[in-house]
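*Asks:* Fold the following.
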Amino acid sequence: MHCVTCSAPVNIAVVKYWGKSDETLILPVNSSVSVTLHQDQLQAQTSVAVSNNFEKDRIWLNGQEQSIDNARIQNVIKEIKRRARKQKAGNRNDAAEKLNWKIHICSKNNFPTAAGLASSAAGYACLVYALKCLYQIDGDISTIARCGSGSACRSVYGGFVVWDKGQRQDGTDSMARQIQPHTHWPDLRVLILVVNEQKKHTGSTEGMQVTMETSELIKERIGSIPDKVEQISQAINNRDFKTFAEITMKDSNQMHACCLDTYPPISYLTDVSRRIIQLVHYYNKKSQEVKVAYTFDAGPNACLFLLKKDVQKVLHLVKHFFPPTRGEKDFIRGNTSELMETESNDIEDYESYFPCDPMADSLRYIIYTMSGPGPQELTSDQSLLGEDGFPRTSS
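*Replies:* Alright, predicted model coming up:
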């Protein structure tokens, strides 16, 4: 048996992809830009093993066996093997032999699946990277990850990433590339406000299809994207937070406006989501500068971008207006060691300009993180599969 274990990150789009020009090849109608989040807080982990003793291909996700006949999983495996055969050389006889063996895949996330936290992006990027390591293939793999989940191509890279929509009908130039590594903007921080961990009522694939078919606003949005991609890429290069933040918020608002313009309308945001949006704008206005930016993917959970120096005050503000009455144990998760133990004395002042009562227990928890690197190969002792090729009981 040959086994490889890898991890891969979540990415959060700041200029979003919403709509496909080709459903089969998963080609987007517009380019997009994302920030890869740190794997210490959010990651998918996948072990892939091949053996001439396995009877059939099998896959387990978060402890439950799933059907491996899923078309997207099959597309990824098929394309990886096609690339491996094409690159076969004299020193890769062992890799060629492995291509004919059955495969076992075991994957898990350390964050909610299907709740709008880009679980499929991390999952497919991790699967593709693990298969790349197993079959020893070279070259860009973002086009393969795209065959599993469009946004997965961005999770193939760390830091700040653009997914170029491409021009070719076969999709060979629809791929991701890194704008800057995660070390480029060391003071940028991220707070993920988890409103709901449940599976979203309208999946992204279905939502995009209906929006493309019925929304009139989506055509205007598509036309505006190239300028946004150029402007936010420049803002990232210059570490220009104001421009980065404003484009991020406006693009999120526009995508969700297109969802509401869909017939029948799709609403991923909740009352809590909208209250978070209000709070951010009030806070920025009171501060007389843009200190926080929000973005929402296809779900109610908010992703806030801010600078390290503002984290403590914003956390106190969020906890004041969204208090956890069941206690603060595990309410803030992730990179908590970086947080100072000081208290803010400004909360009463903020009550005077944000005219809303607190919404108790409306947030499940908060994840504190930052930008991070791309997929990584792990050691054998971190494998999710045992020596028999089946999931370890502890995983």
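*Asks:* which residues touch Ile144?
*Replies:* For Ile144, the residues meeting the contact criterion (C-beta atoms under 8 Å, 6 or more residues apart in numbering) are 76, 79-80, 83, 128, 132. Heads up, the C-betas are built off the backbone N, CA and C, glycines and all.
*Asks:* quick one: which of the residues you listed is nearest Ala302?
*Replies:* Val128 (28.6 Å; C-beta to C-beta).
*Asks:* nearest residue to that closest one other than its sequence neighbours?
*Replies:* With sequence-adjacent residues excluded and distances taken as C-beta to C-beta, 6 or more residues apart in numbering, Val128 is closest to Ala145, at 4.4 Å.
*Asks:* now Thr243
*Replies:* The shortest distance from Thr243 to any non-neighbouring residue, by C-beta to C-beta, 6+ apart, is to Ala235 (3.9 Å).
*Asks:* Please identify the buried residues of whichever strand or helix holds the one you found?
*Replies:* Assigned by DSSP states H and E, Ala235 belongs to helix 217-238. Along helix 217-238, the positions that meet the burial threshold by neighbour count (16 or more other C-beta atoms under 10 Å) are 217-218, 221-222, 225, 228-229, 231-233, 235-236.
*Asks:* ok, now stretch 101-110?
*Replies:* By neighbour count, and taking 16+ other C-beta under 10 Å as the criterion, the buried residues in stretch 101-110 are 101, 103-109.
*Asks:* same thing with stretch 355-362?
*Replies:* Taking 16+ other C-beta under 10 Å as the basis for neighbour counts, the residues of stretch 355-362 that come out buried are Ser362.
*Asks:* so how far does it reach from one end to the other?
*Replies:* 17 Å (C-alpha to C-alpha, to the nearest Å).
*Asks:* what's the offset of that stretch from the middle of its chain?
*Replies:* Mean C-alpha position of stretch 355-362 versus that of the full chain (C-alpha atoms, centre = their mean, to the nearest Å) differs by 28 Å.
*Asks:* Ok, stretch 184-199 next?
*Replies:* Distance, stretch centre to chain centre, for stretch 184-199: 10 Å (C-alpha atoms, centre = their mean).
*Asks:* go on, stretch 206-213?
*Replies:* When C-alpha coordinates are averaged (C-alpha atoms, centre = their mean), stretch 206-213 and its chain have centres 20 Å apart.
*Asks:* got it, and stretch 203-215?
*Replies:* Once both centres are worked out by C-alpha atoms, centre = their mean, stretch 203-215 turns out to sit 19 Å from its chain's centre.
*Asks:* Check stretch 223-241 too.
*Replies:* Mean C-alpha position of stretch 223-241 versus that of the full chain (C-alpha atoms, centre = their mean) differs by 19 Å.
*Asks:* Dump it to PDB, keeping only the CA atoms.
*Replies:* Extracted in PDB, the C-alpha atoms of stretch 223-241 (Å, rounded to 0.1, in the frame of the first residue of the first chain):
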ATOM      1  CA  GLY A 223     -19.100  43.700 -16.700                       C
ATOM      2  CA  SER A 224     -17.700  45.500 -13.700                       C
ATOM      3  CA  ILE A 225     -15.500  42.600 -12.500                       C
ATOM      4  CA  PRO A 226     -12.300  43.200 -14.500                       C
ATOM      5  CA  ASP A 227     -11.800  46.600 -13.100                       C
ATOM      6  CA  LYS A 228     -12.400  45.400  -9.600                       C
ATOM      7  CA  VAL A 229      -9.900  42.600 -10.000                       C
ATOM      8  CA  GLU A 230      -7.200  45.000 -11.200                       C
ATOM      9  CA  GLN A 231      -8.000  47.600  -8.400                       C
ATOM     10  CA  ILE A 232      -8.000  45.100  -5.500                       C
ATOM     11  CA  SER A 233      -4.900  43.400  -6.800                       C
ATOM     12  CA  GLN A 234      -3.100  46.700  -6.800                       C
ATOM     13  CA  ALA A 235      -4.500  47.400  -3.300                       C
ATOM     14  CA  ILE A 236      -3.100  44.100  -2.100                       C
ATOM     15  CA  ASN A 237       0.300  44.800  -3.700                       C
ATOM     16  CA  ASN A 238       0.300  48.300  -1.900                       C
ATOM     17  CA  ARG A 239      -1.200  47.000   1.300                       C
ATOM     18  CA  ASP A 240      -3.800  49.700   0.900                       C
ATOM     19  CA  PHE A 241      -6.400  48.600   3.400                       C
END
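*Asks:* and Thr79, which of the three is it?
*Replies:* Slight slip there: residue 79 is Glu, not Thr. Of the three states, Glu79 takes helix under DSSP: H, G, I helix; E, B strand; the rest coil.
*Asks:* Do I have it right that it meets Arg146?
*Replies:* No - between Glu79 and Arg146 there is no contact under C-beta atoms under 8 Å: 9.8 Å.
*Asks:* ok, the two, which is more surrounded?
*Replies:* More neighbours surround Arg146 than the other of Glu79 and Arg146, with 30 against 20 (other C-beta atoms under 10 Å).
*Asks:* In three-state terms, label the closest residue to the more buried one other than its chain neighbours for me.
*Replies:* Spatial nearest neighbour of Arg146, chain neighbours left out: Cys153 (4.1 Å); criterion: C-beta to C-beta, 6+ apart. Reducing the assignment at Cys153 to three states with three-state DSSP gives helix.
*Asks:* per-residue confidence for Phe354?
*Replies:* As predicted, Phe354 sits at a pLDDT of 81.
*Asks:* Contact partners for it?
*Replies:* Phe354 makes contact with 278-279, 282-283, 321, according to C-beta under 8 Å, 6+ apart.
*Asks:* Report the contact partners of the residue nearest to Val128.
*Replies:* Contacts for Ala145 were tallied using C-beta under 8 Å, 6+ apart; they are 76, 124-125, 128-129, 152-153, 155-156.
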